[in-house]
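Asker: Sequence and predicted structure, then a few things I'm wondering about:
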Amino acid sequence: MIRLNPNSGTQAIYLTLQDAARDWTYTHYLFKLVHRMSKKAHYFVGYVIQDNPRYTRIDVATNVADTNNVLLTETGYYDYAVYVQNSSTNLDPENALARVEIGTLFVTGTAISSSPAVTLTDDIVYYGG
């Protein structure tokens, strides 16, 4: 599972994409993210930092909406799909060559619960029993 922070600067995503994409000649990876509750879709072309048979590192910012980044303000679970393509600007999976990976992405949020602060006054004597 991929984990990202919402509305943040550059973050790294590590995947193993070359194994599934070995039958295709391609130059770029297209990402499609769909929020599981709202069904809102987001697309970006991954900015590849490292791509080898062991792993692919993609850098993405979640505070900018452009071709290589995505504005993610909605926390929770997303379904993601990665496509191979030869375009650095195409954001439509229908125009990509093939889907090479699907999975789950989690965008972290604030804690659901927190512990209350306990303050004790100095003028009371406390005894343990």
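Answerer: Arrived safely, thanks for sending.
Asker: From K39, how far out is I58?
Answerer: Distance of I58 to K39, given as Cβ to Cβ, to the nearest Å: 24 Å. No exception for glycine: its C-beta is placed from N, CA and C like everyone else's.
Asker: the more surrounded of these two?
Answerer: I58 (23 against 8; other Cβ atoms under 10 Å).
Asker: Who is that one paired with across the strands?
Answerer: Beta-bridge partners recorded for I58 (DSSP bridges): I13, V48.
Asker: Kindly report the same for Y83.
Answerer: Beta-bridge partners of Y83, as defined by DSSP bridges: L30, R99.
Asker: Give me the pLDDT for it.
Answerer: Y83 carries a pLDDT value of 98.
Asker: Can you classify E94 as helix, strand or coil?
Answerer: Assigned by DSSP: H, G, I helix; E, B strand; the rest coil, the conformation of E94 is helix.
Asker: and T10, how many residues sit next to it?
Answerer: 13.
Asker: I'd assumed R57 was in contact with it.
Answerer: No - contact criterion Cβ atoms under 8 Å: T10 and R57 do not qualify, at 11.4 Å.
Asker: And the lowest-mean-pLDDT helix or strand in the chain, what's buried?
Answerer: The helix or strand of the chain with the lowest confidence, counting by mean pLDDT, DSSP states H and E, is helix 18-21 at a mean of 90. By neighbour count with 16 or more other Cβ atoms under 10 Å, helix 18-21 contains the buried residues A21.
Asker: try stretch 51-71
Answerer: Using 16+ other Cβ under 10 Å as the test for burial, stretch 51-71 gives 51, 56, 58-63, 68-70.
Asker: Next: stretch 4-24.
Answerer: 4, 6, 13, 15, 17, 21.
Asker: quick one: L105 and Y80 touch, right?
Answerer: Yes - with contacts counted by Cβ under 8 Å, L105 reaches Y80, the gap being 4.7 Å.
Asker: overlap in contacts of these two?
Answerer: Counting by Cβ atoms under 8 Å, 6 or more residues apart in numbering, the contacts common to L105 and Y80 are 2, 33.
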